[in-house]
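A.B. asks: Let's see this in three dimensions:
(one chain, ligands or ions: 1)
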Amino acid sequence: MNASERPEVAAAARPISTIVIAGAGQAGGWAAQTLRKEGFTGRVVLIGDESHPPHERPPLSKAVLSGEALPESTRLMKPEAFDALALDWRPGAQVGRIDRAGKLVVLTDGTALAYDKLILCTGGRARRISLPGADKVKLHTLRTIEDALALSPVLTPGHSVVVIGGGWIGLEVAATARLRGAEVVVVETQSRLCERTVPAEISEHLLALHGAQGTRVLLGAGVSGFAKNADGSSVVELADGSALACDAIVLGIGLVPNDELAREAGLDCDGGVLVDARCQSSDPDILAAGDVAVAVNPWAGRRLRLESWQNAQEQSIAAARSALGLAVDYQPLPWFWSDQYGMNLQIYGMPMPTHRVVRRGDPASGSFVLFYLADDVIQAAIGPNAARDLRFARRLIEQRKPVDPERLADSNTPMSKF
Ligand SMILES: Cc1cc2nc3c(=O)[nH]c(=O)nc-3n(C[C@H](O)[C@H](O)[C@H](O)COP(=O)(O)OP(=O)(O)OC[C@H]3O[C@@H](n4cnc5c(N)ncnc54)[C@H](O)[C@@H]3O)c2cc1C
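C.D. replies: Numbering: from 1, shown residues only. Now for the predicted structure:
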């Protein structure tokens, strides 16, 4: 057998003529434009079950929900730039099945499309709740443009909103609703806000911020059911027997990854599609990126699904490059931000209980940073209204440069001096 007959060589040499991208959100959009940027002139099929071209979601709980920005402003690309990509763009189409043996995706309308490489960018959907009375009331969620447009008109003075879930989406909705003059109650089952993602001191800061703006936050409060009042208002029933009457209920209780396609096709999944640092799934011709992908993150030392704007963009760029056979080693330092009542909170890395915490700045001022150190090396940093310091922190984390914790704590020592 000569070299060209060996299956792996033949496979490596096989030309890629069609790349299919399932899901046309932020990750799908970035994957498509990256393929063209890298010079791929073959067929790119972009399939999205929403009717909108690729767009970013962060403004949906902020400027779009508040009415300050139009949904069109969230588009990833200007229409001319999108057209220039010359994609086989299939809006309102849903991939129903992957036929790995035949290398086909089959749409729910029966259309079969062949692929040489398939990039899964199917993201996730808002988690729903199944409790008594859930069918009697309108339970808003916030994932899509349509969700934001449905909720926005209710957020006005004289209206009351109960937000179930004190995580990022819930708190951003609460902040936007409150800024627009609605009465807001946040109901959170855990004993502190954003318990899964931030340390206790930041949870306290968030609690104080929302309290100061007139939002009522109920911690350790479980929801037991829903009801409809005779006057049309909705009721959220709590586990302690109390009830909250309101005009709108918003669920902000997390995301369910859209990994069913991958699971049904037999790909390795673990709360999302498992991929490596090349964004490759357990099938080398299928890649995944964005909210649907799970990968080992070196900064966390474990598998993670990163639900963030940064990851949706950077991992899909990496996946597109990888699909073209370019060298890719995607090991991102996680970065996330949230905007609430004009406060900008940013997190780099993964704070862990084993880290030594160094505080810089006075929390009472509204601007401070908590650094998380291991052996005098910053591993993570988080803080409100401290974007400049955090930019320097990011560099120090990535460089793994040791710092003097005492100087770090001293806000008179500029971060640029480390
Ligand atoms: C309201 C809101 C505010 C946010 N704010 C922030 C923020 O401030 N900071 C931050 O870092 N991150 C934020 N995020 C997170 C960030 O927006 C997401 O991580 C990002 O949108 C993920 O992009 P994605 O393309 O992976 O997934 P998605 O945006 O979910 O896109 C996936 C797309 O695939 C489609 N799809 C699914 N299955 C199929 C199928 N079978 N066939 C065809 N299409 C399919 C979906 O309908 C969807 O259009 C926010 C998210 C939301 C919802």
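A.B. asks: what helix or strand is the closest residue in space to Ser308 that isn't next to it in sequence on?
C.D. replies: Take Ser308 and drop its neighbours on the chain: the residue closest to it by CB to CB, 6 or more residues apart in numbering is Phe336, 4.7 Å away. Glycine gets a C-beta too; all of them are placed from N, C-alpha and C. Following DSSP states H and E, one finds Phe336 within strand 335-340.
A.B. asks: Would that strand count as contacting the ligand?
C.D. replies: Yes: using CB under 6 Å from any ligand atom, strand 335-340 reaches the ligand at Phe336, Trp337, Ser338.
A.B. asks: Looks like the last one contacts Trp168 (just checking).
C.D. replies: Yes: taking CB atoms under 8 Å as the definition, Ser338 is a contact partner of Trp168 at 5.2 Å.
A.B. asks: interface residues of the protein facing the ligand?
C.D. replies: Proximity of the chain to the ligand, by CB under 6 Å from any ligand atom, involves residues 22-28, 47-50, 57-58, 60-61, 94-95, 121-124, 142-143, 169, 258, 261, 290-291, 307-310, 312, 336-338.
A.B. asks: Low-confidence stretches in the chain?
C.D. replies: The chain contains residues with pLDDT under 70 at 1-14.
A.B. asks: now do 50
C.D. replies: Applying pLDDT under 50 to the chain picks out residues 1-13.
A.B. asks: okay, which residue is most central for it?
C.D. replies: Taking CA atoms, centre = their mean as the criterion, Glu307 is the residue nearest the geometric centre of the chain, at 2.9 Å.
A.B. asks: contacting residues for the closest residue in space to that residue that isn't next to it in sequence?
C.D. replies: Nearest non-adjacent residue to Glu307, counting by CB to CB, 6+ apart: Asp291, 5.2 Å away. Shown in contact with Asp291 (CB atoms under 8 Å, 6 or more residues apart in numbering): Gly25, Ala27, Gly123, Gly124, Leu255, Pro257, Gly272, Arg305, Leu306, Glu307, Asn311, Ala312.
A.B. asks: Could you rerun that using 7 Å?
C.D. replies: Gly123, Gly124, Leu255, Pro257, Arg305, Glu307, Ala312 (CB atoms under 7 Å, 6 or more residues apart in numbering).
A.B. asks: end-to-end on stretch 344-355?
C.D. replies: End-to-end distance of stretch 344-355: 24 Å, with CA to CA, to the nearest Å as the criterion.
A.B. asks: can you pull the buried residues of that stretch?
C.D. replies: For stretch 344-355, a neighbour-count test (16 or more other CB atoms under 10 Å) marks Leu345, Gln346, Ile347, Tyr348, Gly349, Met350, Pro351, His355 as buried.
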